[in-house]
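Engineer: need coordinates for the below:
(2 chains)
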Amino acid sequence: MTEEPLPAWSLPTGSVERIELPEAWPGEVTREWAWGGATGGGVRVCILDSGVETNHPLVGDVQECVAISLEGDEVIVDKKDTAGDLCGHGTACAGIVRALAPECDLASVRVLGAGFTGSGAVLLEGLRWAVEQGYDVINMSLSTTKQKFASLLHELADTAYFRRTMLVASAHNMPVESYPWRFSSVISVGSHEQEDPFAYYYNPTPPVEFFARGVDVEVAWMGGGRLVCTGNSFATPHIAGIAALMLSKHRELTPFQLKSLLYLTATNVGGGS
Amino acid sequence: MSEELRSAVAAGVLGAERDFRELLQSIVEVARAIFRAKASSIFLLDEPSDELVFEAVAGEGSDSLVGRRFPSSTGIAGFVLVSRQPLVIEDVIEDPRFSRETAESTGFVPKGLMAVPLLHEERALGVLEVLDRPSDSRFTLAEMDLLGMFANQAAIALDLLQRARRAQSTLADEGDLAVLARLAQKLEQRRAEEEGSAAEFLAALEKVL
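Structural biologist: Model prediction:
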């Protein structure tokens, strides 16, 4: 007989033993436990950006290339986008994720390229599409300052959180309000200046929650090229890649547990030793 | 409407655009000097045409680029504008397709650049770029902060410039608002010459209204 699912809003005393965690957490969480031996295999990472150049030596296979655009109010989803990368930025982010999680599945959802006008709406629709696809990790090295999109983005970020899709978003390094990185259901990332791609720091004074490598990073660029770049845009895929490693070793992690694991293994918490 | 009238009157108006352009020019000159760069430019987003326009240029291209336009989604400046994320790139030359057409059409292909969005309240007004700082110095986050401060200043200046332009086009218009704005402007000009009579006229006008 199939047991009734637990109600999500209360826990009767008799049901306590039915809350099962798929995996027991060790007394001391280490990086070895978190991702030792992991490759990112089986984890689907989405790069919501300017597109990704497929078969770039630093990127390799890209399983899915989608482009989002708007015609009037209608959202157009091109599931066989062949435009590649319109600027180089998405390829750079994809290359960083690939370097850290070599066997993860990469998907590109292109939300840039149609000019400035309407770019906020395309970003929103791109995120909506990506959340519906149930990717494990969505890398967003971009943001919008438009207040009118804030509540919808917030809703989408929360939906992703409850559906076990981890949104990893670049923080702004200027005192401006932009979204979605400021929402607590996403992981927000800023830069540190060190060279170690696995050095990351927890920040106890949010909104920026983690700092990762973001200065003078050698990245993949268009035309099979490479560049040395700086910006929170490049710190973000470092955390996305590490999250992919953790998820490939511990498939059942919820975004809350994933954040906790990042915290416990941060260089300034338990991962520095 | 009343906001337009206010801005038309408050801006003064003729001459304001020139002042704000000088302010923008001064910002790019200082940015170029502080970062010891070959050039620095400010692009304004022209929303109706969805294009970026060179508004101020210091160093390479300063004599020829102001007023030049290109599509808002082109190259690094376009990306920075849309993504609202600052970006620093070294050795651009290694990238064969880095908006090369745009860069070459300006007569100057940089090796490295810093680009930062100019954000004012919730609007993205344009982009500030600093091109080719000395290649011997490693980029630091402190420089990124400095760039952000310049960007803040440039965004305020761009906002003022746009207000002055809106005010001017209001004055050049033929509608009722333009008549009122021109009247206000003329009174403002007369005040210096015949302060007494202008003030009396204003008081009388207020009574009638």
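Engineer: quick one: what helix or strand has residue 58 in it?
Structural biologist: As the question left the chain open, I've gone with chain A. If you go by DSSP states H and E, residue A:58 is not part of any helix or strand.
Engineer: not quite, I wanted chain B
Structural biologist: Of the helices and strands defined by DSSP H and E, residue B:58 is found in strand B:51-59.
Engineer: which stretches of chain B have low pLDDT?
Structural biologist: Along chain B, segments meeting pLDDT under 70 span B:1-14, B:92-108, B:174-175, B:177, B:181, B:185, B:188-196, B:198.
Engineer: residue ranges of the helices in it, please?
Structural biologist: Secondary structure of chain B by DSSP state H: the helices cover B:2-11, B:16-34, B:75-83, B:100-105, B:141-172, B:176-193, B:195-208.
Engineer: pick the most buried one from those.
Structural biologist: Mean neighbours per residue, mean count of other C-beta atoms under 10 Å in any protein chain shown, is largest over the helices of chain B for helix B:75-83, with a mean of 27. In this view, the C-beta of every residue, glycine as well, is placed from N, C-alpha and C.
Engineer: in PDB, list the C-alpha atoms belonging to it.
Structural biologist: Provided in PDB are the C-alpha atoms of helix B:75-83 (Å, rounded to 0.1, in the frame of the first residue of the first chain):
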ATOM      1  CA  GLY B  75      30.100  44.500 -28.500                       C
ATOM      2  CA  ILE B  76      31.100  44.800 -24.900                       C
ATOM      3  CA  ALA B  77      29.400  48.200 -24.300                       C
ATOM      4  CA  GLY B  78      26.100  46.700 -25.500                       C
ATOM      5  CA  PHE B  79      26.500  43.700 -23.200                       C
ATOM      6  CA  VAL B  80      27.400  45.800 -20.200                       C
ATOM      7  CA  LEU B  81      24.300  47.900 -20.800                       C
ATOM      8  CA  VAL B  82      21.900  45.000 -21.100                       C
ATOM      9  CA  SER B  83      23.400  42.900 -18.400                       C
END
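Engineer: what's in contact with it?
Structural biologist: With contacts defined as C-beta atoms under 8 Å, 6 or more residues apart in numbering or on different chains, helix B:75-83 is touched by A:50, A:87, A:89, A:112, A:116, A:119, A:141-143, A:233, B:43, B:45, B:52, B:71-73, B:86-87, B:89, B:98-99, B:102-103, B:113, B:115-117, B:124, B:126-127, B:129.
Engineer: okay, now the sheet partners of the strand holding residue B:58, with direction.
Structural biologist: Sheet pairing for strand B:51-59, assigned by DSSP bridges, gives strand B:39-46 (antiparallel), strand B:69-71 (antiparallel).
Engineer: is it possible to get CSV of those strands that adds mean neighbour count and distance to residue A:168?
Structural biologist: Listed next are the strands paired with strand B:51-59 as CSV, based on neighbours: other C-beta atoms under 10 Å in any protein chain shown; distance: least, C-beta to C-beta, whole Å:
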stretch, mean neighbour count, distance to residue A:168
strand B:39-46, 25, 28
strand B:69-71, 15, 30
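Engineer: out of the helices of chain B, nearest to residue A:35?
Structural biologist: Of all those, helix B:141-172 sits nearest to residue A:35, with 26.9 Å by C-beta to C-beta.
Engineer: anything in the closest one near chain A?
Structural biologist: Yes. Counting by C-beta under 8 Å from any C-beta of the partner chain, chain A has neighbours in helix B:141-172: B:141, B:144-145, B:148, B:151-152.
Engineer: not counting sequence-adjacent ones, nearest residue to residue A:187?
Structural biologist: residue A:168 (4.8 Å; C-beta to C-beta, 6 or more residues apart in numbering or on different chains).
Engineer: can you pull out the helices in the stretch 51-200 of chain A?
Structural biologist: Using DSSP state H, counting those that start in this stretch, the helices of the stretch 51-200 of chain A run over residues A:89-100, A:119-132, A:147-162.
Engineer: most packed of these?
Structural biologist: helix A:89-100 (a mean of 29).
Engineer: quick one: list the elements packing against that helix.
Structural biologist: Applying 3 or more C-beta pairs under 8 Å, 6 or more residues apart in numbering or on different chains; DSSP states H and E, one finds that helix A:89-100 contacts strand A:44-49, strand A:105-110, strand A:217-220, helix A:232-249.
Engineer: so which of these gets nearest residue A:34?
Structural biologist: Closest among the helices and strands packed on helix A:89-100, using C-beta to C-beta: helix A:232-249, at 5.4 Å.
Engineer: what is the orientation angle of that closest one with helix B:75-83?
Structural biologist: Using axes from the mean of the first three to the mean of the last three C-alpha atoms, to 10 degrees, the inter-axis angle of helix A:232-249 relative to helix B:75-83 is 70 degrees.
Engineer: and helix A:232-249, is it in reach of chain B?
Structural biologist: Yes. Legend: contact between helix A:232-249 and chain B by C-beta under 8 Å from any C-beta is shown at A:232-233.
Engineer: quick check: mean pLDDT of the following helix or strand past that helix?
Structural biologist: Moving toward the C-terminus from helix A:232-249, the next helix or strand (DSSP H and E) is helix A:255-265. What helix A:255-265 shows for mean pLDDT is 97.
Engineer: and what of stretch A:184-196?
Structural biologist: 97.
Engineer: what about that stretch, start to end distance?
Structural biologist: Length of stretch A:184-196, first residue to last, C-alpha to C-alpha, to the nearest Å: 26 Å.
Engineer: do you know how far residue A:90 is from residue A:263?
Structural biologist: Computed as C-beta to C-beta, to the nearest Å, the residue A:90 to residue A:263 distance reads 28 Å.
Engineer: residue A:138 is in contact with residue A:165, isn't it?
Structural biologist: Yes. Counting by C-beta atoms under 8 Å, residue A:165 is a contact partner of residue A:138 at 6.2 Å.
Engineer: shared neighbours, these two?
Structural biologist: A:130-131.
Engineer: looking at the two, which one has more neighbours?
Structural biologist: Per other C-beta atoms under 10 Å in any protein chain shown, whichever of residue A:138 and residue A:165 has more neighbours is residue A:138, with 26 against 22.
Engineer: which residues touch that one?
Structural biologist: Shown in contact with residue A:138 (C-beta under 8 Å, 6+ apart): A:45-46, A:48, A:127, A:130-131, A:160, A:165-168.
Engineer: neighbouring contacts of stretch B:55-66?
Structural biologist: Residues from elsewhere that reach stretch B:55-66 (C-beta under 8 Å, 6+ apart): B:21, B:24-25, B:27-29, B:31-32, B:37-44, B:54, B:106-108, B:126, B:131, B:158, B:161.
Engineer: I meant to write stretch B:141-161 there.
Structural biologist: A:173-175, A:191-193, A:215, A:230-231, B:16-17, B:20-21, B:23-24, B:27-28, B:30-31, B:34-35, B:42, B:44, B:55, B:86, B:88, B:114, B:116-120, B:125-126, B:128, B:130.
Engineer: does residue A:173 touch residue A:192 like I think?
Structural biologist: No. Between residue A:173 and residue A:192 there is no contact under C-beta under 8 Å: 12.0 Å.
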